[in-house]
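Novice: Task: produce atomic coordinates for the following.
(chains A and B)
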Amino acid sequence: MKNKEISKLLREIVASYIIKNEAKYRFQIIAYQNAADSIEGLNTQIKDLYAEGNLDKIPGVGETIKKRLEELLKTGQVKHFNEVKKGIPDSTFILMEIPGFGPKKSYKLAAHFNLKNPEKAIDELLKFAKNNKIAGLEGFGEKSQADIIRSVDEYKKSMGKTTKMLLPYAHDIASDVLAYLKKSKYVEKSEALGSLRRMKPLVGDIDIAVASKWPNETIDYFTKYPGKERVIEKGPATSSLLTTAGNQIDLMVQPPDSFGALLQHFTGSKNHNIHLREIALKKNLSLSERGIKNSKTKKLYKFEDEKKFYEAIGLTFIPPEIREDTGEIELAQKNKLPKLIELKDIKGEFHIHSGFPIEPSHDLGINSIEEMIFQAKELGYEYIGFSEHNPSISKHKENQLIDLIKRRNDEIDKASQKFNFQTFKMMETDILPDGSLALPEKALEILDASVVSIHSVFKMDKNQMTDRIIKGLTHPKAKILAHPTGRLLNERAGYEVDFDILFDFCKKNNKILEINSYPNRLDLGDNLIRKAVEMMVKLVINTDSHASYQMNNMIYGVSQARRGWASKDDILNSLSYNEIKKEFKKN
DNA sequence: GCCGTTTTCGGCCCGACTGTTTTCAGTCG
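Specialist: Alright, predicted model coming up:
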C-alpha cells in the first residue's frame, strides 16, 4: 500500500468520526488528520519505514496509530477502522470530492438515497437533484439543491478543488488579479499569499490580501473581475471567485493598520498558524487576521507590519517559504533561524541545453550557444555550463561522438571569447540501466565535468536504482546528479532511491545534487533538500533550460532551496568561477 | 490520539460565509 492510499484511508477515518460524533471524537479527528497530512508529505514509503522499525518517527504517529498501521501492512486492513466506518456507505467519501461537500452532507445524501455504488454515486445524486428530490429533505432547500447541480457540473469539468496548478502558472494568474486590483482607488496595498507566497511547487487556490479603508467597495470591485465565471461567496471582509479557467481566487480585506496581521494569517500554513496561536494562548494572547487580542483586557493590538507581529509574540520574522511548522517556530523563538539562500547569491548555473546540433539522445535546446550566454550576462551571471544531452550512442560510432562534442566545445570557446564570458564545457550524460555512462572515456576526458541523470528504465527496485545512480556518479567527471528523483509534478511520482545511502555517498565523494528549477520538476523537493542540508551534502540550483527565457526559472529552484532551509553555503553556484573550477578538479 | 525548555497529565486555533434556520450547522481556509 502506497503512502497516498494510506493517507486517504486515514482521511476516511477522520470523516467517519465527524459523521458519527464530531464533538466526542474531536481530538481523534485532529490526530488522524495530522497523521494523514504527515504521511502524505513523507519521502519514504511507509512499508520501508515499517521494515526499518521507524514508524513512530513520523510526526503525528504515536503508539495507537503505529499499531493500526502495522496491522494494515500485515493484514491489508484494520479492525478498528472497519468498526469506525461501519454504517457509512463508501459513496460518502466519493461525494466529498465535490466542492462544497463535507462529511456530513455527503453522508446524509449517500445514506438517504442509498447510494451503494461509489462509481455511480455522483451521477445518481445528480439525477435525484434534477428530479427535485433533494429540496424537500431536512436541512436542504431549493437553493442547496441548485448548488448541488452546479457543483457536480463544475466538478465534472474539473473546476474548483481538483488538480493543483504549477507554481509559475499560479503566479501568472495572481499577477493578473493583482494588476486589476491595483487599478482601483479603494485598494491601498495588495499581495498574493497562501501557498503561492510560501512558493509551494503546486498551488490550489490563489489567495490575495488587500489593505483598504473601504472594504465593501473593494469587494464589490473584486467581484467584477473580468476573468470571473461566478462569485462563490461575498461577505463584508472576504470574497471568493471562480475564474473562467476554473481556478478559485480568495480575497481578504483588512484596514491598512491591520495589514501585517492579515499577511501573517493568510500566508499560513495552517499548521504554522495553529502552533503560533497555541504559543500565544499561553501568554493570554489570541491571534487573528485583525491583530493580537489580550484575552484578559480584551484589547486588540493592530499590526501594519508582519515582522512586528512576530516580534509581539516573542519570535523573529520567519520567511514565508519555511512556515510549515517543522521546527522554524522553535528556532525563531531563540533567534536561531538560518539565513536562507537568495536569488542574488546565484552566480551562474550548469544545466543549459543549447541548440547546437549535437544529435542528442533526448531533446535539443532551441537557442544558440551565443544566445544562452547573452541571457546569462543579462542575468548578471559570472559563468554558465553547457550540458546538452549526450549524442545518441546507438546512432554514432565512438569517433563520431567525440567529433560532435569537440565541435560543440569549439563553438563554446568561440562564443565565450566573443562575449568575454566564462563557460564550462559539460554534458548531460545518461546513466544507463547497468550504471555505466552513455559516453566513452575519451569523450568524458574532453569535458570540464558532467551532469548525469536517469532518463530510461524508471521501474527498478529501490536498491538497484540506488546502486545504478551511485555507479554512474562514481566516474570522476560525473559531478552533478540532475533531477535526482525523476518526478514530474501532476504526471508521475519518480523512481525510488535510498536517499540515506545516496546522500552519504555524495558527501564522501564530493558529488553534488541538483535542485532542478524546471516548473514541473522542482526536483529535489523541499523535504529531501532539507535532509541533504542536514547531512551537509552540497547542492546546486540549475534551470535545465532548453530556451534562453527559461533561465528566468531560477527563482523557483531558489525558492525550493529556501523551503528546504538551504543557506548560501549549501549551494555550489553561489561560488565564484575560480572556486567552481577548483571544485570540478577535486576527485 | 498526540505531545512536552512552564506538563508523562491535561491540554488541543480562529474566524469567515451560506443556507436553512429563528440561533445554528456545515464547509472552508
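Novice: so what's the residue in the stretch 401-550 of chain A positioned nearest to DNA strand B up against?
Specialist: For the stretch 401-550 of chain A and DNA strand B, the shortest gap (C-beta to the nearest atom of the strand) falls at A:Asn527, measuring 16.7 Å. (Glycine included, C-beta is placed from N, CA and C.) For A:Asn527, the contact set (C-beta atoms under 8 Å, 6 or more residues apart in numbering) comprises A:Gly41, A:Leu42, A:Asn43, A:Gly564.
Novice: Tell me which residues of stretch A:447-464 come out buried.
Specialist: A:Leu447, A:Asp448, A:Ala449, A:Ser450, A:Val451, A:Val452, A:Ser453, A:Ile454, A:His455, A:Met460 (16 or more other C-beta atoms under 10 Å).
Novice: from memory the last one sits against A:Asp434, does it?
Specialist: Spelled out, that is A:Met460. No: if you go by C-beta atoms under 8 Å, A:Met460 and A:Asp434 don't touch, sitting 11.0 Å apart.
Novice: Can you check which residues contact both of those two?
Specialist: Between them, A:Met460 and A:Asp434 share the contacting residues A:Arg468, judged by C-beta under 8 Å, 6+ apart.
Novice: one step back: possible to save the buried residues of stretch A:447-464 as TSV with pLDDT?
Specialist: Below are the buried residues of stretch A:447-464 laid out as TSV (pLDDT from 0 to 100):
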residue	pLDDT
A:Leu447	97
A:Asp448	97
A:Ala449	98
A:Ser450	98
A:Val451	98
A:Val452	98
A:Ser453	98
A:Ile454	97
A:His455	95
A:Met460	94
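Novice: on that earlier part again, the contacts of A:Asn527: which two are farthest apart?
Specialist: Taking C-beta to C-beta, the two most distant members of the contacts of A:Asn527 are A:Leu42 and A:Gly564; they sit 15.0 Å apart.
Novice: When those two are compared, which one has more neighbours?
Specialist: When neighbours are counted by other C-beta atoms under 10 Å, A:Leu42 and A:Gly564 differ, and A:Gly564 comes out ahead with 25 against 16.
Novice: Not counting residues beside it along the chain, what's closest to that one?
Specialist: In this structure, A:Gly564 finds its nearest non-sequential neighbour in A:Ile529, 2.5 Å apart by C-beta to C-beta, 6 or more residues apart in numbering.
Novice: Kindly report the same for A:Glu22.
Specialist: Distances taken as C-beta to C-beta, 6+ apart place A:Ile29 nearest to A:Glu22, at 7.0 Å, with adjacent residues excluded.
Novice: Go through the host helix or strand of that neighbour and flag the buried ones.
Specialist: When elements are assigned from DSSP states H and E, A:Ile29 belongs to helix A:26-40. For helix A:26-40, burial by neighbour count (16+ other C-beta under 10 Å) applies to A:Ile29, A:Ala31, A:Tyr32, A:Gln33, A:Asn34, A:Ala35, A:Ala36, A:Asp37, A:Ser38, A:Ile39.
Novice: contacting residues around the third one?
Specialist: For A:Tyr32, the contacting residues are A:Leu10, A:Arg11, A:Ile13, A:Val14, A:Tyr17, A:Ile65, by C-beta under 8 Å, 6+ apart.
Novice: Check the gap between it and A:Leu513 for me.
Specialist: From A:Tyr32 across to A:Leu513, the span is 34 Å (C-beta to C-beta, to the nearest Å).
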